[in-house]
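>>> please find the sequence and the predicted model below.
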Amino acid sequence: MNQFQSDVKYLRDLTAQIDDYSGSGKSAESSRIESKVSKVLAQVEEKKSELDSLKPKLAQVRNAVNDQERYKKLLNENIDILGACKRIDELKKEISRLEEDLSKVEGRETAYAKHADAKHRKEKAMADQARIEGRWGGIVEHIRSLKRKLLSDEYRDVDEKCRVATIKHDTTKIAGEDLKKYYNALDKVSCRL
């Protein structure tokens, strides 16, 4: 390519010399220069045809470089895929080893059943606890309301009132018993007479 450019430069210089000579009017030298020009033009044509013949090779080289880039990319992708496949195989081996270890564990079936039963009992206990806490809250509230009621005027001095009522009840009961004894005694006396 550089040689072609130097030939083109040489041709331009020669054309400039020809133009200078044609302006000066020298015919012998002009025929010599014309022969040089024709030789140079022939060389230029030859170099152009050489360049034209090299263009397909240059295109082939460019295509080969592009193909190499594509092949490089494909190879890198294949390497990544192989690495991923290797990792998958390692993970499969690990899974099979863990499953084998799991199958060796004794009582795992009953452990699952026990776990489910314990979970059910826990849920039931939590529901019972919530129900009992609800009842307890109701009882506590009822006790508070009864305490407030005891502090009202209606139940003030209720202990004294209860004591007086108990005394009246007991005295009435004793009086009833005494009357019963009296009437029984009268009946016995009236039966004798």
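Sure, I can see it. Numbering: from 1, shown residues only.

>>> same for the worst-scoring helix or strand of the chain on mean pLDDT, what does it pack against?
Lowest mean confidence among the helices and strands of the chain (mean pLDDT, DSSP states H and E): helix 2-24, at a mean of 74. Helix 2-24 sits against helix 27-104, with contacts defined as 3 or more Cβ pairs under 8 Å, 6 or more residues apart in numbering; DSSP states H and E. In this view, the C-beta of every residue, glycine as well, is placed from N, C-alpha and C.

>>> neighbours of Ile33, just the number please.
For Ile33, the neighbour count with other Cβ atoms under 10 Å is 19.

>>> which non-adjacent residue is nearest it?
Spatial nearest neighbour of Ile33, excluding adjacent residues (Cβ to Cβ, 6 or more residues apart in numbering): Ile18 at 5.4 Å.

>>> distance check, Lys47 against Trp136.
Per Cβ to Cβ, to the nearest Å, Lys47 is found 110 Å from Trp136.

>>> which one of the two is surrounded by more residues?
Shown here are Lys47 and Trp136; by other Cβ under 10 Å, Lys47 has more neighbours (16 against 10).

>>> now do the same contact list for the more buried one.
By Cβ atoms under 8 Å, 6 or more residues apart in numbering, Lys47 lies in contact with 3-4, 7.

>>> and these as a markdown table, adding neighbour count?
As requested, the contacts of Lys47 are exported to a markdown table (neighbours: other Cβ atoms under 10 Å):
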| residue | neighbour count |
| --- | --- |
| Gln3 | 9 |
| Phe4 | 14 |
| Asp7 | 16 |
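
>>> ok, those residues vs Lys161, which is closest?
Lys161 lies nearest to Phe4 out of these, by Cβ to Cβ, at 135.4 Å.

>>> I figured that closest one hits Leu54, correct?
No. Using Cβ atoms under 8 Å, Phe4 is not in contact with Leu54; the gap is 9.8 Å.
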